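Student: just need the structure, nothing else, for what follows:
(one chain, ligands or ions: 1)
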Amino acid sequence: MPNSNVLIIESNGTRADIITSAMQFMGFFPQRWDASLPTDSMTHDWRAVYIGGIEDETLCDQLLASLEVPVEQLLVLVGSDSPQLERLTKGGSSHAAQIEVLDFPLRYERLAEAMRRAPTLRTQSNPAPLRLVGNSTAMGRVNALIRQVSPFDSSVLVLGESGTGKEMVARAIHDCSPRRDKPFVAINCGAIPAELLESELFGHEKGAFTGAISTRKGRFEMAEGGTLFLDEIGDMSLPMQVKLLRVLQERMYERVGSNRTQRCDVRIIAATHRNLEVATAEGRFREDLYYRLSVFPLEMPSLREHLDDMPELITEFNQRLQRRGLNSVRFSGSAMQSLRQHNWPGNVRELSNLVERLAILYPNSEVRASDLPEKYRGTQPIEETGGSVVRAMLDGQSKTAPAHNRHLMDAEVLLPEGGVDLKDHLADIEVGLIRQALDITDGVVAHAAKLLHMQRTTLVEKLRKYGLQSACRSNDPAAESGTAVA
Ligand SMILES: Nc1ncnc2c1ncn2[C@@H]1O[C@H](COP(=O)(O)OP(=O)(O)OP(=O)(O)O)[C@@H](O)[C@H]1O
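Tutor: Got it, this is the predicted structure:
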């Protein structure tokens, strides 16, 4: 299995089956170790190894060594009754990196939590890293700042609305820095309950608190030599802020339950969508910590401020979909015009989600303005005016459009600032009006044709051209593709 990323070393067949299925369910690619496998068939993109019933210490160490993954990049899961448990958790094995102990019967949530601790691998076989896209002036400024700050160890504070790419920037800084071959570890300070955050950040000793069944490394230790990304720092509790400040000042910390002080060499990049100056003024964020973190502030533009990057961002998201084996999607000129008018409160993440949604609805096809979900259709004057005229006609039960209303339609057509692809735009209007006519006439093609002042046969042709047969009544012959209707 060339894509295997979790190695299962377990002599008990039932146990091996359980772990393998759970890993597959979580989207990993487990491979069961088999003594008959040549060792070189096992050099893959390993992320974790499960060690269960294996008696032979030397073989266990040899297997770990053969994985060819730097120790700090490997999660070692050990069965609580494994013959290797004591040796591994006491640090007797020179290979053990991050260790998680699993009890049986296995609980899915426990396994999922343990797997979330698997450090991101940075091996040559890793999938292509995500690209930070953008040639606009605003993104050009961001890229220049990334290049300027990367070579140094200064703390960076990335500010900006949700979904603007703050985490991507943090990764980009790490990837351009001399620490690039060391781990990049991210933690969302807002998502972890305050009482657990300390042990998440600094680790804990076995027995430090109820549930601390084994010694565990914290994120600082996992990021040693590399970069620690503290997301949503503005949500950190005040007592935790004090502890973090001490690490930033002294570069030292203790695991929870230990009085042994550990030194750390970690670059800090923090991010928040909150206004930390206001939080500081209101006493919710320590001023001294704020100044420590914001040595180099980097403000991310909202998507509204770099709309020119939208085509390139869409191309990037399509490529990401294709890498996941999904379809891509195209946008017509008028659909792009509509998207430019949207406010994008969720920023680039919202755009990425929209592209994925439309790629599922319109696989490998072109999305027109009228196909967009309603809130993205913007204020395309032509379509909206057309729609309101037809609705007004029907509200008044009139079958013909008064001349002054037609004039009103013409009067409200405004040429967008950047010009318009006229053919495309007119097709959009046509599709929009046909859809509305069918809607109003309950899909009866003859009635819709009358409303549109055209021959029924002409409308049937258009329905075929635009693939709108499904909008007709199912017993209307026009609904059947390829049916010639006189
Ligand atoms: N310039 C960009 N180029 C390519 N992808 C981007 C860019 N900016 C954001 N993205 C994508 O948008 C999504 C959100 O980005 P990211 O998680 O970095 O945002 P964030 O600001 O950290 O969000 P939050 O504040 O919610 O944590 C991700 O899928 C990311 O890959």
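Student: helix, strand or coil for the residue of the stretch 1-150 of the chain found nearest the ligand?
Tutor: Closest approach between the stretch 1-150 of the chain and the ligand, counting by CB to the nearest ligand atom: Val133, at 3.6 Å. Where C-beta positions appear, they are placed from N, C-alpha and C, glycine not excepted. Under DSSP: H, G, I helix; E, B strand; the rest coil, the three-state class of Val133 is coil.
Student: get me the contact residues on the protein for the ligand.
Tutor: Within the chain, the residues that sit near the ligand (CB under 6 Å from any ligand atom) are 130, 132-134, 160, 162-168, 231, 273, 313, 316, 348-349, 352.
Student: ranges for the strands of the chain?
Tutor: 6-9, 30-32, 48-51, 75-79, 98-102, 156-159, 184-188, 227-231, 252-254, 261-263, 267-272, 296-299, 330-331, 366-367 (DSSP state E).
Student: make sure the residue of the stretch 1-150 of the chain closest to the ligand is actually in contact with Pro311.
Tutor: No. At 9.9 Å, Val133 does not count as touching Pro311 under the criterion of CB atoms under 8 Å.
Student: compare these two (neighbour count), which wins?
Tutor: Val133 (20 against 13; other CB atoms under 10 Å).
Student: per-residue confidence for the more buried one?
Tutor: For Val133, the pLDDT comes out at 92.
Student: what of Leu201?
Tutor: Value for Leu201, per-residue pLDDT: 93.
Student: Lys166 too?
Tutor: At Lys166, the pLDDT recorded in the model is 96.
Student: what's the burial count for it?
Tutor: 25.
Student: who's in contact with it?
Tutor: Val158, Leu159, Gly160, Asp231, Ala271, His273, Met300 (CB atoms under 8 Å, 6 or more residues apart in numbering).
Student: for Arg116, what are its contacts?
Tutor: With the criterion set at CB under 8 Å, 6+ apart, Arg116 makes contact with nothing.
Student: quick check: phi and psi on the residue of the stretch 1-150 of the chain closest to the ligand?
Tutor: phi -90, psi 150 (degrees, to the nearest 10).
Student: could you save the strands of the chain as a markdown table and add columns showing mean pLDDT and mean neighbour count?
Tutor: As requested, the strands of the chain are exported to a markdown table (pLDDT from 0 to 100; neighbours: other CB atoms under 10 Å):
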| stretch | mean pLDDT | mean neighbour count |
| --- | --- | --- |
| strand 6-9 | 85 | 23 |
| strand 30-32 | 82 | 20 |
| strand 48-51 | 84 | 26 |
| strand 75-79 | 84 | 23 |
| strand 98-102 | 78 | 21 |
| strand 156-159 | 97 | 24 |
| strand 184-188 | 90 | 20 |
| strand 227-231 | 96 | 24 |
| strand 252-254 | 93 | 16 |
| strand 261-263 | 94 | 12 |
| strand 267-272 | 97 | 25 |
| strand 296-299 | 96 | 16 |
| strand 330-331 | 95 | 19 |
| strand 366-367 | 93 | 18 |
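Student: now the closest residue to the ligand within the stretch 101-250 of the chain: how far from Arg116?
Tutor: The stretch 101-250 of the chain approaches the ligand most closely through Gly165 (2.6 Å), counting by CB to the nearest ligand atom. Noted for Gly165: a distance of 22 Å to Arg116, by CB to CB, to the nearest Å.
Student: and Glu430, by the same measure?
Tutor: Taken as CB to CB, the span from Glu430 to Arg116 is 51 Å.
Student: now Gly283
Tutor: Counting by CB to CB - Gly283 and Arg116 are separated by 33 Å.
Student: Glu113: neighbour count?
Tutor: 11.
Student: looking at it now. What's its pLDDT?
Tutor: The model's pLDDT for Glu113 equals 75.
Student: coming back round to it: would you list the buried entries among the residues of the chain next to the ligand?
Tutor: Buried members of the residues of the chain next to the ligand, scored by 16 or more other CB atoms under 10 Å, are 132-134, 160, 163-168, 231, 273, 313, 316, 348, 352.
Student: Leu415: which of the residues you listed is nearest?
Tutor: Leu313 (25.6 Å; CB to CB).
Student: touching, that closest one and Val133? I think so.
Tutor: Yes. Under the criterion of CB under 8 Å, Leu313 makes contact with Val133 at 5.3 Å.
Student: how is the protein carved up into domains?
Tutor: 6-115, 137-301, 304-376, 381-479 (automatic domain parsing).
Student: can you tell me which residues contact the closest residue to the ligand within the stretch 351-486 of the chain?
Tutor: The ligand sits closest to Ser352 of the stretch 351-486 of the chain, with a gap of 5.0 Å, by CB to the nearest ligand atom. Contacts for Ser352 (CB under 8 Å, 6+ apart) come out as Leu313, Phe317, Arg320.
Student: apply 6 Å and report the result again.
Tutor: By CB atoms under 6 Å, 6 or more residues apart in numbering, the contact list for Ser352 reads Phe317.
Student: do the same with Arg349
Tutor: Gly163 are the contacts of Arg349 under CB under 6 Å, 6+ apart.
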